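> Sharing a model prediction with you, sequence too.
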Amino acid sequence: MASGLSLTPRSRRVHVSLTQRSQRSVIFLFILTGLISGCLLRLIQLQLVQGDYNRQLVDKNRISMIPFPSDRGNILDRNGKLLAANRLARSVYLSPREESKAQWAETAAKLSRILNVPQAEIIAKLEEVGYHAPTPVRISRDLALPAFVALAESHGQFPGLEIRGESNRAYPNGDLAAHVLGYIHEATAEDLKQHPEYPMGMLVGQMGIERIANATLQGVWGGQLLEVNAAGKVVRSLGLKPSIAGEPTRLTLDLDLQKTAEKALAQRRGAVVVLDIKTGEVLALASGPSFDPNLFTRHISAAEWKQLQSKNDPFLNRALQGYPPGSTFKIVTTSAGIQSGKFTPDSTLATFAALNLGGHLFHEHGGGYGVIGFREALAYSSNTFFYQVGLAAGPEQISKWAHRLGIGTTDNMGLEGGTHGSVPTPAQKEKLYGEPWYGGDTVSMAIGQGLVQVTPLEMAVMVSVIANGGKRVKPHLLLSQTGTPQMQPEDTGLSPGTIAVIKSGLTAVVQEGTASQLNDGSIPLTAGKTGTAEVPGEPDNALFVGFGPVSNPRIAIAVVVENGGFGAVSAVPIAHELYKTYFKTHSKQ
């Protein structure tokens, strides 16, 4: 007989069943506990860890704002005269919820014909905010009077259309200083991505000072706050958030000088720069042809954009583009020749009708000027004199002193489309072009031709160094930058003797040389250098650099007129007008 307790088959089955149920209960309990724990952890994360962030998301979905644009800050010249301001204009808004997607397609087609805005662009703006958005979206700015009348007469045909009065940009002087001021436009998708705080339709600077000083000028948009429910319907108004106007920005530009520069340039292809030779303040910066930034305060049609692009590239800022400087570059060659130790300020050289270099003749202007020094060489603009100086000093020294005088080292002040001048050494030429350096490269360099490129802004800096006694100024456009540590002029290392002989030569150019029309008695005595630079297959470019008055230099001028011929014919008259404007108001200062 077996000892102990034994289970019957039926009891054993019952026991196994109870054990399995117990195990399943434990497993289910663990799963349930895990799920509850996960929910609790998630709740803690949402409420405590990410609470502020999620509350902001809820508020963003719950609260919408009908934006009210802020006034952009005015842009003023150095004397407080308006360059860019604001004016009241009409804008067209649409409420996306008022019609279905299909209905909006028809409405957009009708509005397109009235507003001269492509149908696809209207639809794109509606889709960007969504057809159930509770807040209106702007589809057109600066509504023209004929369009306003047409909308007023057919207002009932456009459910959800609203015309609002709001601030818009205005440039009272039209295309004056357009390359400096720039223009505004609605924020692009990239702008909105970089600045999530921008409302839809935010106006931002797209070029020039409007872009550079945008953070100061733009202000803060306000609006009407609305509470909406989950379906996007407006529940109630939560009040108004006032907009904050942008701060004014004062430039170094002198409006009178700028007007003179652009009137004298007369929309010809070229550029004019006027600098304060002590501070680096840009008193005028003109580029021709120009464009009217007022065009960008409204919608620009494809035809208008095409026309803008066809007018000799009006958006190109030629004050920041490189040109062969011609004989104006002889200022650099003189500096290199004397500072290299190869010559003294009193050195003389024989000049000829032509210089034979390797069987190739490099010609003089005429039959030669005999034995002359640097003063006469600058006054007569003797090529053969400077050929010899360039060969003796060498291209490395010429390049070195070009850089010290601001060529290739002058900042473009944040303006668009700028390049830097280039005065390459033999090593740089071989690296860039894969060609060796020839003697002809050196003589061409010495008179500002060949591979040499200088911007009008750099030309003005170059001649400022001579005018102020050897310091390279740092051009700037914001008056608040004047006198700051970053804008302090830098010593170039030019010796007093070098400066004196260059000054003497540039003064002789006005007294008895190619710029003698500046010595007509209408203005104080000035100094300068004309230049005529060859352009293959086209008329020569005309150039002039100068400063005045000689007795107490204050301003430097650089002028380039593309295909203008001789500098004395096309560039010097522009400088003359600038001097007359400046001295008219500063003669007693």
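Ah, there it is.
> Check this protein and tell me which residue is nearest its centre.
Compute the mean C-alpha point of the chain, and by C-alpha atoms, centre = their mean the closest residue is Leu415, 2.7 Å away.
> Before we go further, that one is sitting in a strand, right?
No - under DSSP: H, G, I helix; E, B strand; the rest coil, Leu415 sits outside any strand and is assigned coil.
> what's the span of stretch 436-456 from first residue to last?
Length of stretch 436-456, first residue to last, C-alpha to C-alpha, to the nearest Å: 29 Å.
> buried residues in it?
By 16 or more other C-beta atoms under 10 Å, the buried positions in stretch 436-456 come out as 437, 441-456. (Each C-beta comes from the backbone N, C-alpha and C, glycine too.)
> got a list of what the residue nearest to the centre of the chain touches?
Residues in contact with Leu415 (C-beta atoms under 8 Å, 6 or more residues apart in numbering) are 179-180, 208, 212, 317, 320, 477.
> can you tell me the helix or strand for Leu543?
Element membership for Leu543 (DSSP states H and E) is strand 538-548.
> what helices or strands is that strand leaning on?
Where contact means 3 or more C-beta pairs under 8 Å, 6 or more residues apart in numbering; DSSP states H and E, strand 538-548 is packed against helix 456-467, helix 496-512, strand 527-535, strand 555-561, helix 567-570, helix 572-586.
> export the ones you listed to JSON lines and tack on mean pLDDT?
As requested, the helices and strands packed on strand 538-548 are exported to JSON lines (pLDDT from 0 to 100):
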{"stretch": "helix 456-467", "mean pLDDT": "98"}
{"stretch": "helix 496-512", "mean pLDDT": "98"}
{"stretch": "strand 527-535", "mean pLDDT": "95"}
{"stretch": "strand 555-561", "mean pLDDT": "98"}
{"stretch": "helix 567-570", "mean pLDDT": "94"}
{"stretch": "helix 572-586", "mean pLDDT": "95"}
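> Can you redo those as a markdown table, where the extra columns are distance to Gly156?
Listed next are the helices and strands packed on strand 538-548 as a markdown table, based on distance: least, C-beta to C-beta, whole Å:
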| stretch | distance to Gly156 |
| --- | --- |
| helix 456-467 | 57 |
| helix 496-512 | 72 |
| strand 527-535 | 62 |
| strand 555-561 | 57 |
| helix 567-570 | 60 |
| helix 572-586 | 56 |
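> Which one, of those, ends up nearest to Gly270?
Proximity to Gly270, assessed across the helices and strands packed on strand 538-548 by C-beta to C-beta, is greatest for strand 555-561 (4.1 Å).
> list the buried ones in that closest one?
Applying 16+ other C-beta under 10 Å to strand 555-561 flags 555-561 as buried.
> Isn't Val180 up against Thr252?
No - here Val180 lies out of contact with Thr252, judged by C-beta atoms under 8 Å, at a distance of 9.9 Å.
> Report the set of residues contacting both of those two.
Common contacts of Val180 and Thr252 (C-beta under 8 Å, 6+ apart): 282, 477.
> Buried ones in the lengthiest strand in the chain, by neighbour count?
With secondary structure taken from DSSP state E, the chain has its longest strand at strand 82-94. Within strand 82-94, the residues scored as buried using 16+ other C-beta under 10 Å are 83-86, 89-94.
> State the next helix or strand along the chain beyond that strand.
Defined by DSSP H and E, the subsequent element after strand 82-94 is helix 101-115.
> Report all helices and strands that the helix or strand following that following helix contacts.
Going down the chain from helix 101-115, the next helix or strand is helix 119-129, by DSSP H and E. Counting contacts by 3+ C-beta pairs under 8 Å, 6+ apart, helix 119-129 packs against strand 82-94, helix 101-115, strand 137-140.
> Any idea how far helix 119-129 is from the middle of the chain?
Helix 119-129 has its C-alpha centroid displaced from the chain centroid by 30 Å (C-alpha atoms, centre = their mean, to the nearest Å).
> now the strands for the stretch 251-400 of the chain?
270-276, 282-288, 348-350, 354-357, 360-363, 371-373 (DSSP state E, counting those that start in this stretch).
> just the stretch 101-250 of the chain next, same as before
Under DSSP E, counting those that start in this stretch, the stretch 101-250 of the chain gives strands at 137-140, 161-170, 184-186, 203-205, 222-228, 234-241, 249-250.
> pLDDT weak spots in the stretch 51-200 of the chain?
51-66 (pLDDT under 70).
> swap the cut-off to 80 and go again
Along the stretch 51-200 of the chain, the parts satisfying pLDDT under 80 run over 51-69, 133-135, 155-156, 189, 199-200.
> about what we covered before: mind listing what's buried along the strand holding Leu543?
Within strand 538-548, the residues that count as buried by 16+ other C-beta under 10 Å are 540-548.
> can you check stretch 406-423 too?
Buried residues in stretch 406-423, counting neighbours by 16+ other C-beta under 10 Å, are found at 406-413, 415-418, 420-423.
> Using PDB, write down the CA coordinates of it.
Listed in PDB are the C-alpha atoms of stretch 406-423, where the atom choice follows Å, rounded to 0.1, in the frame of the first residue of the first chain:
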ATOM      1  CA  GLY A 406      42.400  99.500 -49.300                       C
ATOM      2  CA  ILE A 407      42.200  97.500 -52.600                       C
ATOM      3  CA  GLY A 408      40.900  94.000 -51.800                       C
ATOM      4  CA  THR A 409      40.800  94.800 -48.100                       C
ATOM      5  CA  THR A 410      37.900  97.300 -47.900                       C
ATOM      6  CA  ASP A 411      34.700  95.900 -46.400                       C
ATOM      7  CA  ASN A 412      31.500  96.200 -48.500                       C
ATOM      8  CA  MET A 413      29.500  97.300 -45.400                       C
ATOM      9  CA  GLY A 414      27.100  94.300 -45.800                       C
ATOM     10  CA  LEU A 415      25.600  95.600 -49.100                       C
ATOM     11  CA  GLU A 416      24.600  92.900 -51.600                       C
ATOM     12  CA  GLY A 417      26.300  92.100 -54.900                       C
ATOM     13  CA  GLY A 418      29.800  93.300 -53.900                       C
ATOM     14  CA  THR A 419      33.100  92.000 -54.900                       C
ATOM     15  CA  HIS A 420      36.600  93.000 -53.900                       C
ATOM     16  CA  GLY A 421      39.400  94.500 -56.000                       C
ATOM     17  CA  SER A 422      42.200  92.200 -57.200                       C
ATOM     18  CA  VAL A 423      45.900  92.900 -57.700                       C
END
